[in-house]
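Asks: Just the structure for this:
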Amino acid sequence: MDWPFLTRTAGELLCGVPLTLRLAGTALCIGFLLAASIAALAQSRHAPLRWSARIYVGLFQGTPLLVQIFIIYYGFGQVEFLRASILWPFLAQAYWCAILALSLNTSAYGAEIIRGAIAAVPRNEVEAARAMGMSGFLLQRRIIWPQALRHGLANYGNEANLLLKATSLASVITLMDVTGIAYRLVAKTYRSEEIFTIAGMIYLCLAFVIAVCVHMLERYLRPGGRV
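Replies: From the prediction side, this is the model:
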């Protein structure tokens with residue numbers, strides 16, 4: 001086994017970890033805000049708002065993420081009014097195109113997680129809070145959201161892990177994340193087995209860290225878990 005080559009390769013691949021984490025972290029934060037908004041629309045009393053949320057979720061869940069990246073990166077440049085808008089300085093960059101695609105995609109899955117978590121809150125507790133005079137934001141803040149967070153945290157942790165691995169698709173639009181660097185090294189050395197094995201181990205370690213953090217947070221939020 002060529003240990004010097006493996007060590008050198010691991011060092012080069014680790015240089016792509018910051019970009020991978022920035023892509024995943026930024027997309028997760030933006031996606032969560034979008035997901036919360038879409039979940040709120042899905043529970044609206046107005047049918048057009050509910051249907052718009054369902055169409056959004058169906059659109060991004062029903063099409064491959066790779067296709068969405070290609071449409072945003074290559075397709076938006078063909079739209080004249082976008083090239084003339086203030087958004088073009090961002091859409092012309094591969095980094096922001098990847099962030100947009102990842103955020104939109106994860107928000108569709110996140111919206112369903114949030115909607116399911118809210119639906120899991122016992123209705124009798126909500127009715128009891130309303131009987132005590134709680135309503136609107138106070139009801140959401142004290143009763144619904146704390147319990148929904150506990151119900152949906154594990155599933156959202158899984159989505160964060162999936163998003164981390166999905167960032168590897170950003171390499172197809174020239175971003176040098178872990179996978180992008182791996183492709184470059186393979187093109188230079190033709191030693192794909194060793195290079196992609198190390199890349200896979202890096203993603204495995206990052207996913208393990210996320211899983212541990214989610215587990216610790218879930219345990220902290222569990223009643224009695226702080227003791």
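Asks: who's in contact with H151?
Replies: H151 sits next to G116, A117, A120, V121 when contact means C-beta atoms under 8 Å, 6 or more residues apart in numbering. (C-beta placed from N, C-alpha, C; glycine too.)
Asks: Got phi/psi on S37?
Replies: Torsion angles at S37 (phi, psi; degrees, to the nearest 10) stand at phi -70, psi -40.
Asks: Next one: it from R115, what distance?
Replies: The gap separating S37 from R115 is 12 Å, by C-beta to C-beta, to the nearest Å.
Asks: just L149 next, same as before
Replies: 14 Å.
Asks: now do V209
Replies: 28 Å.
Asks: Just say helix, strand or coil for F196.
Replies: Secondary structure, DSSP: H, G, I helix; E, B strand; the rest coil: F196 is helix.
Asks: residues in contact with it?
Replies: Residues near F196 by C-beta under 8 Å, 6+ apart: A182, V186.
Asks: try L91
Replies: By C-beta under 8 Å, 6+ apart, L91 lies in contact with I72, F76, G77, L82, C97, L100.
Asks: Next, count neighbours for the residue nearest to G77 when sequence neighbours are not counted.
Replies: With sequence-adjacent residues excluded and distances taken as C-beta to C-beta, 6 or more residues apart in numbering, G77 is closest to R83, at 6.7 Å. R83 has 13 neighbouring residues, counting by other C-beta atoms under 10 Å.
Asks: Kindly present the contacts of H151 as JSON lines, with separate columns for pLDDT, secondary structure and distance to V186.
Replies: Shown next, in JSON lines, are the contacts of H151 (pLDDT from 0 to 100; DSSP: H, G, I helix; E, B strand; the rest coil; distance: C-beta to C-beta, whole Å):
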{"residue": "G116", "pLDDT": "91", "secondary structure": "helix", "distance to V186": "40"}
{"residue": "A117", "pLDDT": "91", "secondary structure": "helix", "distance to V186": "41"}
{"residue": "A120", "pLDDT": "86", "secondary structure": "coil", "distance to V186": "45"}
{"residue": "V121", "pLDDT": "84", "secondary structure": "coil", "distance to V186": "49"}
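Asks: Of those residues, just the buried ones, PyMOL syntax please.
Replies: Typed into PyMOL, the line below selects the buried ones among the contacts of H151, using 16 or more other C-beta atoms under 10 Å:
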select buried, resi 117+121
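Asks: which among the contacts of H151 gets closest to H215?
Replies: Relative to H215, the closest of the contacts of H151 is A117; by C-beta to C-beta it sits at 17.1 Å.
Asks: How about that closest one: what's its closest non-neighbour residue?
Replies: Using C-beta to C-beta, 6+ apart, the closest residue to A117 is G152 (3.0 Å).
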